[in-house]
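Engineer: let me see the structure of the following:
(one chain, ligands or ions: 1)
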Amino acid sequence: MNYYSLNHKAPNVSFQDAVIKGIAPDRGLYFPENIQPLPDEFFKNIDDYSYNEIAYQLIKQFVGDEIPKKELKNIITDTLSFDFPLVEIEKDVFSLELFHGPTMAFKDVGARFMARCLSYFNKDNNNKLTVLVATSGDTGGAVASGFLGVKGVNVVILYPSKKVSDVQEKQLTTLGQNIKALEVKGTFDDCQDMVKTAFLDSEITDKMQLTSANSINVARWLPQMFYFAFAYKQLKNKQKDLIFSVPSGNFGNICAGMMAQKLGLPVTQFIASTNINRVVPNYMESGNYKPIKSFQTISNAMDVGDPSNFIRIQNIYNNDFEELKKHLSSYSFSDDETREAMEIIFRENNYTTDPHGAVGYLGLKRFLNKKGNMQGIFLETAHPVKFLDVVEPVIGESIEFPKQIKEIINKTKEATLISKYVELKQFLID
Ligand SMILES: *Cc1c(COP(=O)(O)O)cnc(C)c1O
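Structural biologist: Below you'll find the model as predicted:
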């Protein structure tokens with residue numbers, strides 16, 4: 001499969017090159033040249049397929065023959081080493097729990113898949129790759145864990161100082177080996193800007209092969225299609241209209257869901273639920289896309305002022321705003337509304353959500369209340385324990401640490417504090 005740049009000023013590349021480069025030389029995101037829907041039979045008979053087979057069917061056209069079938073199946077099996085339960089928390093409202101992986105956030109899936117693809121592509125190469133990634137919280141941990149010990153790859157993670165939770169910080173600063181953390185005095189957008197600048201800085205790229213592991217990388221983005229189909233497989237009633245609400249920041253996750261829909265997954269509507277960083281809700285109202293400077297919220301993995309994947313979503317609908325509106329609705333919620341939702345869900349359904357999942361729940365309810373007689377799934381994108389300081393006061397109970405967290409919480413943080421781009425550059429070159 002070939003990929004083209006959405007800025008249309010760079011050559012088309014193979015899957016392998018798209019994965020290694022991350023972003024095209026013209027700063028555009030890569031997008032597959034064509035998308036072939038799967039036969040209707042596949043989704044009709046989804047109960048007959050295992051999770052690994054579903055994943056293989058969804059991803060194979062995007063990889064093509066660049067990874068042999070057997071190898072790709074191994075990568076999928078390795079990636080999907082945990083569960084994706086769908087839990088009905090009230091009638092026709094389901095939580096898709098994407099937090100059962102090693103760092104307890106959905107990003108484990110994309111990060112594990114990408115690490116294994118890169119490792120496969122780099123197997124005969126003596127030059128080390130450097131994965132450079134900015135994180136608003138969960139990306140860093142998932143990438144660190146996904147790439148830990150992977151041969152031929154160094155990982156450098158930038159995160160905004162004091163704007164990630166304790167658990168998140170531990171997950172990205174305590175692993176050691178090939179993983180290095182840079183603590184940036186600034187916001188996530190500052191981190192993301194530094195990373196983007198480094199990719200275009202020939203004094204760096206002449207010396208080393210840099211690659212991204214944000215959801216701009218196709219190998220992180222596309223495997224996120226899998227669990228939308230896993231959720232569908234678990235639904236008892238597949239006839240009723242299905243809505244997905246996805247708590248969104250950089251819009252990679254929801255964009256993967258929309259790709260799954262493109263392949264034929266029967267979804268009636270997607271809801272992009274955001275916190276007050278409401279660039280996309282504003283766009284869906286006005287047709288006018290205006291990036292903002294991001295605000296800090298309790299759902300910090302979504303504090304994004306210029307969602308990088310939104311351009312892919314527009315592309316899926318041929319940049320046709322009216323067509324996009326038929327498939328996507330978008331709502332924004334404040335921290336107070338989010339806390340209130342977490343409290344109500346806990347009190348009435350005895351279910352604990354994290355702040356991101358709660359935003360997803362709110363978006364889903366707003367849509368269902370208007371439309372009625374549909375069923376909806378919100379993505380519970382992280383385990384509540386990752387946001388202890390927010391969740392515990394709201395539900396008035398303490399949350400027990402799962403074993404993944406117990407293993408890291410008492411380890412010592414190792415990070416280098418930086419505030420300017422030149423410091424990042426120095427760090428990479430040294
Ligand atoms: C990254 C993240 C999001 C946002 O996902 P995008 O793909 O960037 O839209 C939502 N919730 C959690 C917990 C996250 O870590």
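Engineer: in stretch 126-138, which residues are buried?
Structural biologist: By 16 or more other C-beta atoms under 10 Å, the buried positions in stretch 126-138 come out as 129-138. All C-beta atoms are positioned from the backbone trio N, CA, C, and that covers glycine.
Engineer: near the ligand, which residues of the stretch 301-430 of the chain?
Structural biologist: Remark: the part of the stretch 301-430 of the chain in contact with the ligand comprises 301-302, 356, 381-382, using C-beta under 6 Å from any ligand atom.
Engineer: K44 and G264: what is the separation?
Structural biologist: 10 Å (C-beta to C-beta, to the nearest Å).
Engineer: give me the more crowded residue out of the two.
Structural biologist: Shown here are K44 and G264; by other C-beta atoms under 10 Å, G264 has more neighbours (18 against 12).
Engineer: for the more buried one, what is the enclosing helix or strand?
Structural biologist: Using DSSP states H and E, G264 maps to neither a helix nor a strand.
Engineer: what about it, distance to Q234?
Structural biologist: From G264 across to Q234, the span is 18 Å (C-beta to C-beta).
Engineer: related to what we said a few turns ago, could I get the residues of the stretch 301-430 of the chain next to the ligand as CSV with neighbour count, pLDDT and secondary structure?
Structural biologist: Below are these laid out as CSV (neighbours: other C-beta atoms under 10 Å; pLDDT from 0 to 100; DSSP: H, G, I helix; E, B strand; the rest coil):
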residue, neighbour count, pLDDT, secondary structure
A301, 30, 89, helix
M302, 27, 93, helix
H356, 33, 98, helix
T381, 30, 98, coil
A382, 30, 95, strand
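Engineer: now for those residues: which two are most distant?
Structural biologist: M302 and A382 (10.6 Å; C-beta to C-beta).
Engineer: now do the shared contacts for the two.
Structural biologist: H356 (C-beta atoms under 8 Å, 6 or more residues apart in numbering).
Engineer: so A358 is in which element?
Structural biologist: helix 355-371.
Engineer: can I get the CA coordinates of that helix in PDB?
Structural biologist: Only the C-alpha atoms of helix 355-371 are listed here, as PDB (Å, rounded to 0.1, in the frame of the first residue of the first chain):
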ATOM      1  CA  PRO A 355     -12.200  12.100  33.300                       C
ATOM      2  CA  HIS A 356     -11.700  11.300  29.600                       C
ATOM      3  CA  GLY A 357     -14.300   8.500  29.600                       C
ATOM      4  CA  ALA A 358     -16.700  10.700  31.500                       C
ATOM      5  CA  VAL A 359     -16.400  13.300  28.700                       C
ATOM      6  CA  GLY A 360     -17.100  10.500  26.200                       C
ATOM      7  CA  TYR A 361     -20.200   9.500  28.300                       C
ATOM      8  CA  LEU A 362     -21.500  13.000  28.300                       C
ATOM      9  CA  GLY A 363     -21.200  13.400  24.500                       C
ATOM     10  CA  LEU A 364     -22.900  10.100  24.000                       C
ATOM     11  CA  LYS A 365     -25.800  11.000  26.400                       C
ATOM     12  CA  ARG A 366     -26.300  14.300  24.700                       C
ATOM     13  CA  PHE A 367     -26.700  12.700  21.300                       C
ATOM     14  CA  LEU A 368     -28.900   9.700  22.500                       C
ATOM     15  CA  ASN A 369     -31.200  12.000  24.400                       C
ATOM     16  CA  LYS A 370     -31.900  13.900  21.200                       C
ATOM     17  CA  LYS A 371     -32.300  10.800  19.000                       C
END
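Engineer: can you give me the buried ones in it?
Structural biologist: Buried, per 16+ other C-beta under 10 Å, within helix 355-371: 355-368.
Engineer: can you give me the angle the helix or strand just after it makes with helix 355-371?
Structural biologist: With elements assigned by DSSP H and E, the helix or strand that comes after helix 355-371 is strand 375-380. Angle of strand 375-380 versus helix 355-371, following axes from the mean of the first three to the mean of the last three C-alpha atoms, to 10 degrees, is 160 degrees.
Engineer: tell me the mean pLDDT over strand 375-380?
Structural biologist: Averaging pLDDT along strand 375-380 yields 98.
Engineer: same thing with stretch 198-205?
Structural biologist: 92.
Engineer: distance between the ends of that stretch?
Structural biologist: 8 Å (C-alpha to C-alpha, to the nearest Å).
Engineer: pull the distance from it to the chain's centre.
Structural biologist: From the chain centre to the centre of stretch 198-205 is a distance of 25 Å (C-alpha atoms, centre = their mean, to the nearest Å).
Engineer: now swap in stretch 282-293 and tell me
Structural biologist: Distance, centroid of stretch 282-293 to centroid of chain: 21 Å (C-alpha atoms, centre = their mean).
Engineer: how long is that stretch end to end?
Structural biologist: End-to-end for stretch 282-293, by C-alpha to C-alpha: 14 Å.
Engineer: circling back to that earlier point, out of the buried residues of stretch 126-138, who's nearest the ligand?
Structural biologist: D138 (3.0 Å; C-beta to the nearest ligand atom).
Engineer: doesn't D354 make contact with the closest one?
Structural biologist: No: between D138 and D354 there is no contact under C-beta atoms under 8 Å: 10.4 Å.
Engineer: now do the shared contacts for those two.
Structural biologist: 381-382, 386.
Engineer: what is the burial count for the nearest residue to S119 once chain neighbours are set aside?
Structural biologist: Leaving aside its sequence neighbours, S119 sits nearest to V150 (C-beta to C-beta, 6 or more residues apart in numbering; 4.9 Å). Neighbours of V150 under the rule other C-beta under 10 Å: 19.
Engineer: which residues sit in contact with V150?
Structural biologist: Per C-beta under 8 Å, 6+ apart, neighbours of V150: 115-116, 118-119, 178.
Engineer: can you pick the most crowded of those?
Structural biologist: Going by other C-beta under 10 Å, A115 tops the contacts of V150 with 27 neighbours.
Engineer: I'd guess that one is in a helix, am I close?
Structural biologist: Yes: note on A115: a helix contains this position according to DSSP: H, G, I helix; E, B strand; the rest coil.
Engineer: now do stretch 44-54: distance to the chain's middle.
Structural biologist: The answer for stretch 44-54 is 23 Å, by C-alpha atoms, centre = their mean.
Engineer: and the worst-scoring helix or strand of the chain on mean pLDDT, what does it pack onto?
Structural biologist: Within the chain, no helix or strand scores below strand 209-212, which has a mean of 87 by mean pLDDT, DSSP states H and E. If you count contacts as 3 or more C-beta pairs under 8 Å, 6 or more residues apart in numbering; DSSP states H and E, strand 209-212 packs onto helix 15-21, strand 129-134, helix 188-199.
Engineer: Serialize these to CSV and add fields for distance to E340.
Structural biologist: Converted to CSV, the helices and strands packed on strand 209-212 look like this (distance: least, C-beta to C-beta, whole Å):
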stretch, distance to E340
helix 15-21, 42
strand 129-134, 31
helix 188-199, 25
